[in-house]
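Asker: Starting from these lines, generate the structure:
(2 chains, ligands or ions: 2)
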Amino acid sequence: MENSEIISVRDLTKRFPMGLSEFTALRGISLEFSRGEFSGVVGPSGSGKTTLLNIIGLLDNPTDGDVIILGNPSKNLSVKEAAMIRRKHMGFIFQTYNLLPVYTVFENVEFPLLLLSMSTGERKKAVLEALAWVGLSDKEKSKPAQLSGGECQRVAIARAMVKRPEIVLADEPTANLDADNSHHILQTMEKLNKELHTTFIFATHDEKVISYLRRKITLVDGKVSHDDVLKP
Amino acid sequence: MIRFLIKGLLRDSHRSRLPLIVVAFGVMLTILLTTWITGILGDSINLNAKLATGHLKVITRAYQENMDQLPVDLALTGTSGLIKSLRTDFPAVSWVERIEFGGLLDLPDENNETKSQGPFAGIAIDMFNIDSGEKERLNLKKILVDGKLPSSSGELLVSSSFAQKLGIKIRDKVTFIGSTMFGEMAINNYTVAGTIRYGISSLDKGSIIMDISDARNALDMEDACNEILGFTGTDYYDDAKATEVMTSFNKKHLENKDQFAPVMLRLRDQNDLGTLIDLMNGVVGLISFIFILAMSVVLWNAALIGGLRRYGEVGLRLAIGEEKGHIYRSLIAESLIIGIAGSFLGTAVGLSISYLVQQKGIDLSKLMESATMIMPGVFRTKITPASWYIGFIPGILATVLGTALAGIGIYRRQTASLFKELQS
Ligand SMILES: Nc1ncnc2c1ncn2[C@@H]1O[C@H](COP(=O)(O)OP(=O)(O)OP(=O)(O)O)[C@@H](O)[C@H]1O
Ligand SMILES: [Mg+2]
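Answerer: Ligands and ions are numbered 1, 2, ... in the order given. Have a look, this model is predicted:
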């Protein structure tokens, strides 16, 4: 299983309607991701990084070509089935943390588990474990407003990881963080990637992120211009 | 999940406070209005019951045909036996005999020649027997204008404007001229003990009240009366109970095809009071409906604003794979919780105020001195069993409806741009 293909992007094209004409954001992209990769999509602003992540995350549909997630061609998936795959197999990390302000750290991390059928005891165990991964065991009862930006993003990582998804998609996760905090969360994610064999895909132009990547896919103008393995 | 939602509601006062206040306020108003209307219409129904219809009335079939003429010749006979069996069969109802009759009242001068004369409608009630409760029922102490209440037979009460018209003074001797139950001429002399005013012009124009024993003597109605009235325990008319008693009584007498066989009527079968009762229920329904509409619109808007505040939350939940229907239902569940809580609150406050007004009343008698009985001077609300739940209908329906409308936006939300939306 270690190196099996988990995401396969095939000749993917995405066009957005722009008034009467169309704008092509992705032009014929083909990529394979194996289980346990720690990879990033980089490139200048407007090159299509977010658009690609959206389609891999089953939040948007390709115009042409297809994305096969865990053996499921996205073309064949209904909205409900796509939601089910996100719910069970994917974690999302955003540039802003999008924590629910009225809930505690514990409850924020617990939320994705409420959508899966898990007992209270199982949930509690999983949440405490996830908080330990990101080093926030002592903040379990805090509210997001009482945390620093770096801590919020660590809560968001715990929320993405708590159900031990196969895939985590992170769009500019360090954009709102200073250098120290950026390194801290990147180290956390690197560790989780190693321990849990979770596949991470970043979209970023942050050099700090890039320095942690083991694979760097460069997009220019909606096309893959380079696909480099940085570390074995 | 429900626990999760309740936690959110308790902690986020923005989410719960406004809808809660709207619901509680609307529910409270619904209850105040309905109890007020039930109180006022109920009072006038009540007045009719006491004066004329009873909650139940036993008469003869023949009398029923000509009820508006109050004929004494079509009266019930053997009433002491009849009332006894009524009291045994329906002990929860208080039964009283009355005679409704008409005739001429004549005021003679010193030479026993007619000085003045006028037609009247009379009610003969069981006045001297305290157990009958008739004095209180007709509120005699309150409507007495001058003189005193009759204390022995041979005394009667005359309505004040009638007395004025005929020039009758307290302690005057008057003569009743009419016809007996057997169609013979009846002439009897009485002393006017006092004058009364109902505040109902049709009654004040010409009516008298006397004790039933006097009327029996005058009209030759030994062991007879033309109406037996029944009053159910509570002050207010209980249609279901009245129907039950009537059905059971009438079934027994169905076989008796005699003209003079007794037949029982409910309050709602008389004087168009059925229409009034239906109107009352209709108005209560209408009030609930109006409040459902008005509150729904307010709560719809509140939910729309709430939806904007929680735009990010909904986006996040969609992104991590919660289905739209699930989010929608969870919002409805939240609104249901608020609707129930608000309805409880509004019902508690509304019933408390209603209860105070029901017990103490709002005294407007100074403003309406001329109307003594038809419109009781003291307004009272009336809490009925329905008052306990009536507020929950608009309370819950409006919150759920408002949220259901506002939440439709969730179904229009595209997931395609969630990464972008959740960026800022
Ligand atoms: N919904 C849309 N409708 C129209 N055009 C869009 C839409 N989404 C993205 N685009 C366009 O597609 C191109 C790629 O956008 P995308 O957001 O993927 O870029 P990006 O590489 O993530 O850029 P950045 O680094 O600034 O986040 C841009 O030119 C953008 O304007
Ligand atoms: Mg982007």
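Asker: helix or strand for the residue nearest the centre of chain A, which one?
Answerer: Central residue check for chain A by Cα atoms, centre = their mean: the C-alpha nearest the mean position is that of A:L169, 1.2 Å away. Element membership for A:L169 (DSSP states H and E) is strand A:167-171.
Asker: Might one say that the residue nearest to the centre of chain A is in contact with A:I56?
Answerer: Yes. In this structure, A:L169 sits in contact with A:I56. The criterion is Cβ atoms under 8 Å, and the distance is 6.4 Å. Every C-beta, even on glycine, is put in place using the N, C-alpha and C of the backbone.
Asker: Give me the common contacts of these two.
Answerer: Taking Cβ atoms under 8 Å, 6 or more residues apart in numbering or on different chains as the criterion, A:L169 and A:I56 both touch A:I201.
Asker: coming back round to it: how about the residue nearest to the centre of chain A: which residues does it bridge to?
Answerer: Here A:L169 sits in beta bridges with A:F92, A:I201, going by DSSP bridges.
Asker: any idea how far it is from B:Q414?
Answerer: Look at A:L169 and B:Q414: by Cβ to Cβ, to the nearest Å, they are 18 Å apart.
Asker: Check the average confidence over the strand holding A:L169, would you?
Answerer: Throughout strand A:167-171, pLDDT has a mean value of 96.
Asker: How about the contacts made by residue 178?
Answerer: No chain specified, so I'll use chain A. Counting by Cβ under 8 Å, 6+ apart, the residues that A:D178 touches are A:G150.
Asker: wrong one, chain B
Answerer: If a contact means Cβ under 8 Å, 6+ apart, then B:G178 has B:F101, B:G102, B:G103, B:L104, B:A186, B:A218, B:L219 as its contacts.
Asker: Quick check: pLDDT value at B:F289.
Answerer: B:F289 is given a pLDDT of 89.
Asker: Now the stretch 301-424 of chain B against ligand 1: closest residue?
Answerer: Using Cβ to the nearest ligand atom, the point where the stretch 301-424 of chain B gets nearest to ligand 1 is B:S417, with a distance of 5.6 Å.
Asker: Most proximal residue of chain B with respect to chain A?
Answerer: In chain B, no residue comes nearer to chain A than B:G321, which is 2.9 Å away by Cβ to the nearest Cβ.
Asker: how many neighbours does the closest residue to that residue other than its chain neighbours have?
Answerer: Taking Cβ to Cβ, 6 or more residues apart in numbering or on different chains, and ignoring the residues beside it in sequence, B:G321 has A:R87 as its nearest neighbour in space, at 2.9 Å. Residues contacting A:R87 under the criterion other Cβ atoms under 10 Å in any protein chain shown number 18.
Asker: For A:R87, give me the pLDDT.
Answerer: With respect to pLDDT, A:R87 scores 96.
Asker: element containing it, please.
Answerer: Going by DSSP H and E, A:R87 is in helix A:79-89.
Asker: Dump that helix to PDB, keeping only the CA atoms.
Answerer: As requested, the backbone C-alpha atoms of helix A:79-89 are provided in PDB (Å, rounded to 0.1, in the frame of the first residue of the first chain):
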ATOM      1  CA  VAL A  79     -22.600  15.500  -4.900                       C
ATOM      2  CA  LYS A  80     -23.500  13.300  -1.900                       C
ATOM      3  CA  GLU A  81     -20.900  10.700  -2.700                       C
ATOM      4  CA  ALA A  82     -18.300  13.500  -3.100                       C
ATOM      5  CA  ALA A  83     -19.300  14.900   0.300                       C
ATOM      6  CA  MET A  84     -19.000  11.400   1.700                       C
ATOM      7  CA  ILE A  85     -15.400  11.000   0.400                       C
ATOM      8  CA  ARG A  86     -14.500  14.400   1.800                       C
ATOM      9  CA  ARG A  87     -16.100  13.500   5.100                       C
ATOM     10  CA  LYS A  88     -14.300  10.200   5.500                       C
ATOM     11  CA  HIS A  89     -11.000  10.500   3.600                       C
END
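Asker: Doesn't B:I123 lie inside a strand?
Answerer: Yes. Assignment of B:I123 by DSSP: H, G, I helix; E, B strand; the rest coil places it within a strand.
Asker: and it, what does it touch?
Answerer: Going by Cβ under 8 Å, 6+ apart, B:I123 touches B:L51, B:R98, B:I99, B:E100, B:L138, B:S207, B:I208, B:I209, B:M210.
Asker: touching chain A at all, the one helix or strand B:L308 maps to?
Answerer: Assigned by DSSP H and E, B:L308 falls within helix B:273-309. No. Contact between helix B:273-309 and chain A, assessed by Cβ under 8 Å from any Cβ of the partner chain, is absent, since the two come no nearer than 10.1 Å.
Asker: so what secondary structure elements neighbour that helix?
Answerer: Taking 3 or more Cβ pairs under 8 Å, 6 or more residues apart in numbering or on different chains; DSSP states H and E as the contact definition, the neighbouring helices and strands of helix B:273-309 are helix B:13-48, helix B:324-360, helix B:392-412.
Asker: mean pLDDT lowest for which of the ones you listed?
Answerer: Lowest mean pLDDT within those: helix B:13-48, at a mean of 87.
Asker: residues making contact with stretch B:186-194?
Answerer: With Cβ under 8 Å, 6+ apart as the test, stretch B:186-194 has contacts from B:103, B:144-151, B:154-158, B:163, B:168-180, B:210, B:214, B:217-220.
Asker: Please disregard the earlier target; I meant stretch B:255-265.
Answerer: Counting contacts by Cβ under 8 Å, 6+ apart, the residues outside stretch B:255-265 that touch it are B:53, B:56-62, B:64, B:74, B:76-77, B:82, B:230, B:245-246, B:249-250, B:253.
Asker: again, 7 Å this time
Answerer: B:56-62, B:64, B:76, B:82, B:246, B:249-250, B:253 (Cβ atoms under 7 Å, 6 or more residues apart in numbering or on different chains).
Asker: Are any of those residues buried, and if so which?
Answerer: B:L56, B:K57, B:V58, B:I59, B:T60, B:R61, B:A62, B:L76, B:L82, B:M246, B:F249 (16 or more other Cβ atoms under 10 Å in any protein chain shown).
Asker: before we move on, back to that, pull the contacting residues for the residue nearest to B:G321.
Answerer: For A:R87, the contact set (Cβ under 7 Å, 6+ apart) comprises A:L115, A:L116, B:I320, B:G321, B:E322.
Asker: you'd agree the last one is up against A:L115?
Answerer: Yes. Here B:E322 lies in contact with A:L115, judged by Cβ atoms under 7 Å, at a distance of 5.4 Å.
Asker: ok, B:E244 to B:D238 distance?
Answerer: The spacing between B:E244 and B:D238, counted by Cβ to Cβ, is 9 Å.
Asker: Report the buried residues of the top strand by length along chain B.
Answerer: Using DSSP state E to assign secondary structure, the strand with the most residues in chain B is strand B:94-108. By neighbour count on 16+ other Cβ under 10 Å, the buried set for strand B:94-108 is B:94-103, B:105-108.
Asker: Kindly report the same for stretch B:401-411.
Answerer: B:L401, B:G402, B:T403, B:A404, B:L405, B:A406, B:G407, B:I410.
Asker: cool, stretch B:410-420 as well?
Answerer: Residues of stretch B:410-420 classed as buried under the neighbour-count rule (16+ other Cβ under 10 Å) are B:I410, B:R413, B:T415, B:A416, B:S417, B:L418, B:F419.
Asker: one step back: can you get me the centre-to-centre distance for the strand holding A:L169 and its chain?
Answerer: Here the centre of mass of C-alpha atoms in strand A:167-171, compared against the chain's by Cα atoms, centre = their mean, to the nearest Å, lies 1 Å away.
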